[in-house]
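Novice: everything below, folded, please.
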Amino acid sequence: MYTDTERCVRAVRSKDARFDGWFFTAVLTTGIYCRPSCPVVPPKAENMTFYPSAAACQQAGFRACKRCRPDTSPGSPEWNARADTVARAVRLIQDGVVDREGVPGLAGRLGYSARQIERQLLAELGAGPLALARAQRAQTARLLIETTGLPMADVAFAAGFSSIRAFNDTVREVFALSPSELRARGARGTERAGTRGTEPTATPGVISLRLPFRAPLNPDNLFGHLAATAVPGVEEWRDGAYRRTLSLPYGHGIVALTPRPDHIACRLSLTDPRDLTLAISSCRRMLDLDADPVAVDEQLRADPQLTPLVDKAPGRRVPRTVDAAEFAVRAVLGQQVSTAAARTHAARLVTAHGVPVDDPEGGLTHLFPAPRALAALDPEALALPRSRRTTLTTLVAALADGSLRLGPDSDWDRAREQLTALPGFGPWTVEVIAMRALGDPDAFLPTDLGMRRAAASLGLPSTPAALTARAAAWRPWRAYAVQYLWATEDHAINHLPV
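Specialist: Next up, the predicted model:
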């Protein structure tokens, strides 16, 4: 979009927040870059130039606006709607892979050379993987500086910087403030209501922040689904927040997510602050916060049978997961059983194979077991039909030995092929994993019983083949159509817990 100058200028002049994250405005006369909805008086059109990413702005020598804080914009929805190499690379960079494994590690995961990845990212984003990772580190550093009392040296290494000097130079260059000045400014901001991006932190060791999203956002099915299917000990709904444990590269964490009218309040307790980048991106992905609900709803409204559903509760999101392997295991446990039975089966696995954790603020007790931990389980100990045991143990073995990799770097079509080749994986299981674990916005469940009942009640075709043919007009947003159709039933997944 950033190449359409006239459209970008109109968005900036109207201060349209829907375009935040789609592109960034750099002001030639001041040397700063902003989000499209920046509240300041828009500059003259001839003084504006547009970039596809914050990293490209920074690489061109522009610093972040102190008023609109463009580095806290929602991520571009484009990367969630695509499964090509660039989109997969962006998702991995958001997860901190470059900081942990370097550019060769990023390229290796994607099956390309480092030079090829650099060339493709430069062509689409105006910045290579190192510049994109640097912008990510700068944003993480700002969060830690403003929301914690960590010493600056600890902030530097937690944010992924290799040296304190690189940390100081980057913060000064991007924000035009020293780290100590940024912390002082943040402290003054928390004393005023409405500070964007962060929330005051009262508990030592806890990082509190605001996760932005594009409005509208309907929290009912999003949090309702997560709460209704919560695995005891790993997830819970408590005091108006969805809480769960997180398995992370350097340790573990506990997150509490509370829906607010204009943001999601996020409280993170991490055993190692170096995991902050991945924890935030995982939570954003689970709640589908980078989606573009206006584009989705506009497409679905074009079908007269869906129009009243969208108009009644616009902005539905697809509830996803923080761990694709975990969800795949849970999908198998949920085959042809009730939600309550699936939770019971998962809870037994957690108790037997999960890593115990302490939770002073609630009732969480374990991390969900990793595939390697489950690879040693005794199939006879599972209270499942023999065929289901074979399905589960085969899946776990493939995940544990790396022959099947599920995550933000997955090629959606390739993952579908690999899952379909496993015993016991039919269309429903494959598509629900594609929708909720891999993040494919076009995943579709025409064989789902709830979908077929909803379709019949609305006068839509209810046979899988006919419904799939009708749903061609909903592409590439069929996963969101599933949410609207599921919402026609009076089920716990469709109601925000009280």
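Novice: just checking, residue 294 touches residue 300?
Specialist: No: using C-beta atoms under 8 Å, residue 294 makes no contact with residue 300, being 11.2 Å away. Using the backbone N, CA and C atoms, a C-beta is placed for each residue, glycine as well.
Novice: more neighbours, the two?
Specialist: residue 300 (23 against 15; other C-beta atoms under 10 Å).
Novice: mind listing what's buried in the worst-scoring helix or strand of the chain on mean pLDDT?
Specialist: None of the helices or strands of the chain scores lower by mean pLDDT, DSSP states H and E than helix 179-190, at a mean of 82. Using 16 or more other C-beta atoms under 10 Å as the burial criterion, the residues of helix 179-190 that qualify are 179, 182, 183, 186, 189.
Novice: which strands and helices sit next to it?
Specialist: helix 129-147, helix 152-158, helix 164-175 (3 or more C-beta pairs under 8 Å, 6 or more residues apart in numbering; DSSP states H and E).
Novice: can you show me the strands along this protein?
Specialist: Secondary structure of the chain (DSSP state E): strands located at 24-27, 32-34, 48-51, 63-64, 206-211, 235-238, 241-247, 252-259, 264-270.
Novice: which one of the ones you listed lies nearest to residue 344?
Specialist: strand 235-238 (13.9 Å; C-beta to C-beta).
Novice: could you list every helix and strand that the closest one packs against?
Specialist: helix 219-228, strand 241-247.
Novice: can you tell me which of those is most buried?
Specialist: Compared across these, strand 241-247 shows the largest average neighbour count, a mean of 24 (mean count of other C-beta atoms under 10 Å).
Novice: with just CA atoms, put the least confident helix or strand of the chain into PDB.
Specialist: Only the C-alpha atoms of helix 179-190 are listed here, as PDB (Å, rounded to 0.1, in the frame of the first residue of the first chain):
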ATOM      1  CA  PRO A 179      17.500   5.200  27.900                       C
ATOM      2  CA  SER A 180      17.400   7.100  31.300                       C
ATOM      3  CA  GLU A 181      15.500  10.000  29.600                       C
ATOM      4  CA  LEU A 182      13.100   7.500  28.100                       C
ATOM      5  CA  ARG A 183      12.500   5.900  31.500                       C
ATOM      6  CA  ALA A 184      11.900   9.300  33.100                       C
ATOM      7  CA  ARG A 185       9.500  10.300  30.300                       C
ATOM      8  CA  GLY A 186       7.600   7.000  30.700                       C
ATOM      9  CA  ALA A 187       7.300   7.500  34.400                       C
ATOM     10  CA  ARG A 188       5.800  10.900  33.800                       C
ATOM     11  CA  GLY A 189       3.400   9.300  31.300                       C
ATOM     12  CA  THR A 190       2.100   6.700  33.700                       C
END
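Novice: orientation of that helix relative to helix 129-147 in degrees?
Specialist: Calculated by axes from the mean of the first three to the mean of the last three C-alpha atoms, to 10 degrees, helix 179-190 forms an angle of 60 degrees with helix 129-147.
Novice: if we ignore the residues flanking it in sequence, what's nearest residue 83?
Specialist: residue 412 (4.4 Å; C-beta to C-beta, 6 or more residues apart in numbering).
Novice: which residues touch that neighbour?
Specialist: For residue 412, the contact set (C-beta atoms under 8 Å, 6 or more residues apart in numbering) comprises 83, 434, 438, 440.
Novice: ok, the residues you listed vs residue 47, which is closest?
Specialist: Of all those, residue 47 sits closest to residue 83, with 37.5 Å by C-beta to C-beta.
Novice: can you tell me how far the closest one is from residue 482?
Specialist: Separation of residue 83 from residue 482 (C-beta to C-beta, to the nearest Å) stands at 18 Å.
Novice: which of those two has more neighbours?
Specialist: When residue 83 and residue 482 are compared for neighbours, residue 482 comes out ahead with 25 against 22, by other C-beta under 10 Å.
Novice: apart from its neighbours in sequence, what residue is nearest that one?
Specialist: Of all residues not flanking residue 482 in the chain, residue 445 sits nearest, at 5.7 Å (C-beta to C-beta, 6+ apart).
Novice: what about the one you found, how many neighbours?
Specialist: Residue 445: 25 neighbours (other C-beta under 10 Å).
Novice: give me the mean pLDDT for stretch 282-290.
Specialist: Mean per-residue pLDDT for stretch 282-290: 95.
Novice: contact partners of that stretch?
Specialist: 21, 74-77, 79-80, 91, 95, 211-214, 217, 222, 226, 246, 255, 257, 264, 266, 317-323, 408, 439.
Novice: what about it, start to end distance?
Specialist: End-to-end distance for stretch 282-290: 12 Å, by C-alpha to C-alpha, to the nearest Å.
Novice: now do stretch 150-161
Specialist: Span of stretch 150-161 from end to end, C-alpha to C-alpha: 15 Å.
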